[in-house]
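Chemist: can you look at this prediction? I've put the sequence above it.
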Amino acid sequence: MTSAGLDHQAYDCAEDFLNEAPQTSVGCIVADMTLPGLSGLDLKLALNAAHSPLPLIFLTAHDTTESRAAAQAAGADGYFRKPVDTQALLDAVRWSLNEQNAQEHA
């Protein structure tokens, strides 16, 4: 993210993100499906329950039909298998940010 010129903040786990992240409606979350504690999917469900508009893009090393379906059902904005194509991930993040800007100015 740094080399692409995107501001970013990293968190050790989903719980830290939920407790420490600034309340904002602009940004894009990139999270692994498998995290210690709350999973990436649990994080997305918590954000949905809080009516957070932040898009979430999932990464996973354990791609299954079930995990893809769960990510899609939760409203994921992207889903990438590891190893991740860096350019494709950056394109997805930028697309999400551009969509937010377009909606904000509509």
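Modeler: Okay, I see it. Numbering: from 1, shown residues only.
Chemist: show me what the lengthiest helix in the chain is in contact with.
Modeler: Longest among the helix segments of the chain by residue count, using DSSP state H, is helix 86-104. The contact list for helix 86-104 (C-beta atoms under 8 Å, 6 or more residues apart in numbering) reads 1, 4, 6, 25-28, 30, 53, 55, 57, 59, 77-78, 80. No exception for glycine: its C-beta is placed from N, CA and C like everyone else's.
Chemist: now swap in stretch 2-18 and tell me
Modeler: By C-beta under 8 Å, 6+ apart, the residues outside stretch 2-18 that reach it are 1, 20-21, 29, 31, 35-40, 42-43, 46, 90, 93-94.
Chemist: which residue packs closest to the residue nearest to the spatial centre of the chain, ignoring adjacent ones?
Modeler: Nearest to the geometric centre of the chain sits Leu56, at 2.4 Å (C-alpha atoms, centre = their mean). Closest residue in space to Leu56, ignoring its immediate chain neighbours: Ile29 at 4.4 Å, by C-beta to C-beta, 6 or more residues apart in numbering.
Chemist: follow-up on the earlier one: which residues does the residue nearest to the centre of the chain contact?
Modeler: Per C-beta under 8 Å, 6+ apart, neighbours of Leu56: Cys28, Ile29, Val30, Ala31, Gly40, Leu43, Lys44, Leu47, Gly75, Ala76, Asp77.
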